[in-house]
Structure formats: C-alpha cells, structure tokens
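K.L.:
all I have is the shape, not the residue letters:
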C-alpha cells in the first residue's frame, strides 16, 4: 500500500491527467461530441470571413451579449471550423489535459513559498483528482476553453508574482481578464508586487493585454452597447433570483457590481491578508454570488482555484478541494422547490473569502505588505561546519523574512 501511494505521488501529474481524461473520454463515448460551443463556431465563421452578412470587426455589434473576449475566439477559430466530431472532441481532450498543467503550476507556487514536499504533492494529487469530475464540465458538458485559459493564466500570474516578475504577472492576469470579463478582479494581483515600480509596470502590462485585443472590435458602431447588454434571464435558483429578479433580464448594474466586488476582494486578499493564491477563488466567488444563471461549469473554475489554494496553503487536508467537490455534487442534485439550497450554496465561497479576510492578521505600521520569499537560513549554525564532537550549537534557530503562509 505504501509503495502504491509513493508511486501515485511520484507520478502525480500523470495521475491527475489520467483522472481528467478518463472522465472526459467516458462522457464523449456516452454523450457524443460536445455541441455546446456553438458560440465559438459562430464566431469562427465571422472571423474567417465566411459570413457575408457580418464583417469580422462587427462581430460583437452583430452578436450582443457575447461575453467572451476576441483573443480566445481567434485562437479557437481553426478548431471551430472543423467538423464538430473533430474540433469539439479535440478541445474537450485538450481542456482535460489542462488540469494537469494547473496542478503543475500550483505545485511550483507551493514550492516557492516553502511548503513541505510531501504536503504539496498530496494537495496536488488529491485536489486534482477531486477536481477532475468537476473540470469535465469545461470539456464536454458545456465546452468552455476560454474559462480553462482563465484558470491557467491565473496560476501563471501567481507564479510570476511570487517570482517578482511584474510584466509577466500583468500580462497573464490581463489576458485572463481580456478573455473572460468576470476575471477582471485578477488584475488587482499586480498591486501585491513588492515595489511601486513593479506595480506600475504590472498594471500597464495588464491593461494593454486586456484592452488591445478588444480595440478593433470596440471601434465598430454599436459594439460597446452590444457588449454591455445582456439577453440572459435571471434563474430562480440563484442569489439574484431569490432577491426578486427571477425571470427578469439581467440588470447591467449587477454585472458592474460583480466586477467591482471581484476587484475589491482580490485586492484585499493580496495586500491585506497576503493570500494572493486565493485570487482566482475570490473572483469565482464574486461571480457565483452575482451571476444570473449559475451552471455546473461555473464550479469548475472554483475547482481549479481550489487546487492552487490548497497547494500553497500546505495543510494536511486539501480542504478547499473537498468543499468544492461536495458543493458541486449538492448543486447537481437539488430537487425542484428547493432552489434556495442551490442559491445559498453559491454564496458560501464568498463567505469563505470574507472569513479569511476577517481572520487575517494586521501587520504593524510601516511593515511592507508584500515581501518576496527569501532563501531560508539558520544563523551561524548554517554558516559554520557542524563539529563532529558531541557538543553542538543549541541556540535559537531564526529565519529570514519571507512570504508568510497562513
């Protein structure tokens, strides 16, 4: 048994990839090629110039309420032009394999902040396997490669942040926000960089990465009005539905409030609580709380965020991953007439974020809000060779300041 566990930990990324692929392939064999990425197929025809009625830069003006950025649509165009059995299945398999990439980035971040090897490996393999059945909602049920990209880019941005790479961090979170607007809160992560110069460079890179792909489309007449509009109706089993908007058109002010809430909670986590690894988790929490139609694939973003959060936290039990997996299963089995249970569950991630903020220690005045991790030293005992005699140094062991995990 111990040998089996050791093998699973040594090949943890392959285990996570196989777990995700097993669910994806099973769903494809049972349900057939995914057919819920018609929005990519529709965009591909326009962007490739195959639709004589709409010119490529007029796509958003002609398709109001499309909340996917131009860059994901352009990248997916070659696959979207292929028959669904080829393009759709390829996207599903690649999206499944992306979970192993998230696990790898999560472990790299955990190693950088000093999480013990065994704990981060357990968090990655257990969290990744728990996320696999949730993650497949991205792959086969709904097929949202742009949301997969948001999870990957958020992990890349966190890794760059921990390494103090301002431009790389800004580019990653900017591309995430430009690809899916609900991820705009991730831009606040650049303010956790250790210097003002780094924060400015990161913010500039984020702004350019998020805004430039939209520029040719935003100049088309009516594009901005179309993008800001929404044709979605508010579902009953959502927090907004219980608040009295059920069956009504999604108010534009709610979307702006969602963006503002995401920015505020990510900023607070990154700079006050010093928990930037929870940035994506907080973004998805804000989305779940104020989304008009919360679907199963929304939980997949939270599952990816939980893998990163658990790895960096370094606890003995991957609590975030367990909680997300349980909430996902409950949300899928809500009986008619008990939509309040589903709506209440969608508020739980945001409540978790608020609890983390309330429990965050207050740092003394004048202390830097963020300090990059430094190599661990152990005072004179580390610099002087240990004597072979029985007597040894018994003084206190001290560590240099570094990023604190809480």
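P.N.:
Okay, I see it. Small disclaimer: the values here were computed from a predicted structure and weren't measured.
K.L.:
what's the host helix or strand of residue 303 packed up against?
P.N.:
Per DSSP states H and E: residue 303 is located in helix 296-313. Applying 3 or more CB pairs under 8 Å, 6 or more residues apart in numbering; DSSP states H and E, we find helix 296-313 packed against helix 84-112, helix 117-136, helix 145-162, helix 279-290, helix 319-332. Just so you know, the C-beta spots here come from the backbone N, C-alpha and C atoms, and that holds for glycine as well.
K.L.:
how about the longest one: buried residues?
P.N.:
Spelled out, that is helix 84-112. Residues of helix 84-112 classed as buried by neighbour count (16 or more other CB atoms under 10 Å): 84, 87-89, 91-93, 95-110, 112.
K.L.:
could you do the last one as well?
P.N.:
Going by neighbour count (16+ other CB under 10 Å), the buried part of helix 319-332 is 319, 320, 321, 323, 324, 325, 327, 328, 331.
K.L.:
distance of the fifth one from residue 104?
P.N.:
Using CB to CB, to the nearest Å, residue 324 is found at 19 Å from residue 104.
K.L.:
also the third one?
P.N.:
Taking CB to CB as the criterion, residue 321 is separated from residue 104 by 16 Å.
K.L.:
do the fourth one as well
P.N.:
Counting by CB to CB, the gap from residue 323 to residue 104 is 23 Å.
K.L.:
do residue 308 as well
P.N.:
When distance is defined by CB to CB, residue 308 is 11 Å away from residue 104.
K.L.:
quick revisit: CSV please, covering the buried residues of helix 319-332 and showing distance to residue 274 and pLDDT.
P.N.:
Converted to CSV, the buried residues of helix 319-332 look like this (distance: CB to CB, whole Å; pLDDT from 0 to 100):
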residue, distance to residue 274, pLDDT
319, 19, 93
320, 17, 94
321, 22, 94
323, 22, 92
324, 23, 93
325, 27, 92
327, 26, 87
328, 29, 87
331, 31, 79
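K.L.:
low-confidence ranges in the protein?
P.N.:
Across the chain, the ranges flagged by pLDDT under 70 are 1-2, 335, 337, 362-406.
K.L.:
quick one on the thing from earlier: residue 299: which of the helices and strands packed on helix 296-313 is closest?
P.N.:
Nearest to residue 299, of all the helices and strands packed on helix 296-313, is helix 319-332, at 4.4 Å by CB to CB.
K.L.:
what angle separates the closest one from helix 296-313?
P.N.:
Relative orientation of helix 319-332 and helix 296-313, computed by axes from the mean of the first three to the mean of the last three CA atoms, to 10 degrees: 170 degrees.
K.L.:
got the angle for the helix or strand just after helix 319-332 vs helix 296-313?
P.N.:
Counting by DSSP H and E, the next helix or strand C-terminal to helix 319-332 is helix 339-358. Helix 339-358 and helix 296-313 are oriented at 30 degrees to each other (the same axes, to 10 degrees).
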